[in-house]
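> make a model of this:
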Amino acid sequence: MALATVGSSWGARITATWLFGGFLAGIGAGILVGGRSVPLPEPLKVSLAAILAVAIMVLAGVQWARAIGRRMGIASSRRLTLAGALGFGPAVIVAGGILTLLESRVFGVRILPIHLIYGLLFVPAAFLVAAGTTLAFGVGVQFEKMKEWRIALTTGAASALAFLIVYLAMDAAGWRVGSPGAARRATMLVVTALGSLSATIAAGAALGRQIKVDIGSMNSSST
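Sure thing, here's the model as predicted:
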């Protein structure tokens with residue numbers, strides 16, 4: 001495999017396309033199904049919206065894993081399917097569940113300003129989603145144990161740092177979560193969307209770079 005086919009830009013592009021795109025599609029589909037215009041009982045609408053959103057994200061994770069696997073020369077579609085299905089979708093569910101649990105408690109106590117609570121919750125969530133997704137991928141494609149964790153921690157750190165930078169930049173630019181008028185501009189939604197996009201790009205770039213390094217090492221050792 002030519003090293004020109006892999007790398008940071010390649011990883012960022014594929015990851016942003018499938019994972020961030022799948023995240024948006026899943027959330028959008030869930031909002032449509034759970035909207036007021038849908039003539040279904042509220043509990044059923046909520047359940048269907050959640051199932052549809054997760055299903056779309058799981059499918060996006062599968063396509064992401066397959067796209068990476070093809071570039072790495074992995075022929076087993078079953079392994080790649082499992083790696084993708086058990087990564088992104090479940091990681092988002094876990095992170096979302098933790099955020100929901102902590103938000104209800106932390107915002108209720110309100111020890112810190114809302115924008116600081118937001119940063120303390122969502123930056124680690126970005127780490128958790130990226131690390132969980134790439135760890136599942138590494139296990140699925142049978143990376144070495146140390147390599148699995150190294151890639152997971154690297155991509156998680158890159159994702160969290162990118163989200164933090166966007167959060168701080170938006171805050172400095174006047175887009176402060178919880179500030180007066182923030183709801184009117186959908187500040188939390190905008191900051192979360194931009195932070196998630198940046199986090200996805202950064203995680204994909206870190207993963208692509210690591211894959212390029214590993215492939216280069218394997219090529220060197222075989223010559």
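> so where is the chain shaky, pLDDT-wise?
Scanning the chain for pLDDT under 70 picks out the ranges 1-6, 107-110, 214-223.
> show me where this protein has helices.
8-15, 21-33, 42-72, 77-85, 88-109, 114-140, 145-172, 187-222 (DSSP state H).
> now tabulate the ones you listed in JSON lines and tack on distance to residue 179 and mean neighbour count.
In short, each C-beta sits where N, CA and C put it, glycine included. Shown next, in JSON lines, are these (distance: least, C-beta to C-beta, whole Å; neighbours: other C-beta atoms under 10 Å):
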{"stretch": "helix 8-15", "distance to residue 179": "31", "mean neighbour count": "20"}
{"stretch": "helix 21-33", "distance to residue 179": "24", "mean neighbour count": "18"}
{"stretch": "helix 42-72", "distance to residue 179": "29", "mean neighbour count": "18"}
{"stretch": "helix 77-85", "distance to residue 179": "38", "mean neighbour count": "19"}
{"stretch": "helix 88-109", "distance to residue 179": "15", "mean neighbour count": "16"}
{"stretch": "helix 114-140", "distance to residue 179": "7", "mean neighbour count": "23"}
{"stretch": "helix 145-172", "distance to residue 179": "9", "mean neighbour count": "19"}
{"stretch": "helix 187-222", "distance to residue 179": "7", "mean neighbour count": "19"}
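> for residue 178, find the nearest of those helices.
Proximity to residue 178 (C-beta to C-beta) singles out helix 114-140 among those, at 2.8 Å.
> what's the offset of the closest one from the middle of its chain?
Helix 114-140 sits 7 Å away from the centroid of its parent chain (C-alpha atoms, centre = their mean, to the nearest Å).
> what angle do that helix and helix 88-109 make?
Note on geometry: by axes from the mean of the first three to the mean of the last three C-alpha atoms, to 10 degrees, helix 114-140 and helix 88-109 are set 160 degrees apart in direction.
> what's the closest of the helices of the chain to residue 181?
Closest approach to residue 181 among those (C-beta to C-beta): helix 187-222, 8.2 Å.
> I'd guessed residue 71 sits against residue 13; true?
No. The pair residue 71 / residue 13 is not scored as a contact, 11.3 Å apart, by C-beta atoms under 8 Å.
> in CSV, list the helices of the chain along with distance to residue 180.
Below are the helices of the chain laid out as CSV (distance: least, C-beta to C-beta, whole Å):
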stretch, distance to residue 180
helix 8-15, 36
helix 21-33, 26
helix 42-72, 31
helix 77-85, 43
helix 88-109, 17
helix 114-140, 11
helix 145-172, 14
helix 187-222, 10
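> which other residues reach stretch 84-100?
Stretch 84-100 is contacted by residues 19, 22-23, 54-55, 57-58, 60-66, 121-122, 125, 128-129, 132-137, 140 when judged by C-beta atoms under 8 Å, 6 or more residues apart in numbering.
> now residue 185: closest residue in space, sequence neighbours ignored.
With sequence-adjacent residues excluded and distances taken as C-beta to C-beta, 6 or more residues apart in numbering, residue 185 is closest to residue 175, at 7.4 Å.
> ok, now residue 150?
Nearest non-adjacent residue to residue 150 (C-beta to C-beta, 6+ apart): residue 210, at 7.7 Å.
> next one: residue 171
Distances taken as C-beta to C-beta, 6+ apart place residue 115 nearest to residue 171, at 6.2 Å, with adjacent residues excluded.
> lovely, talk soon.
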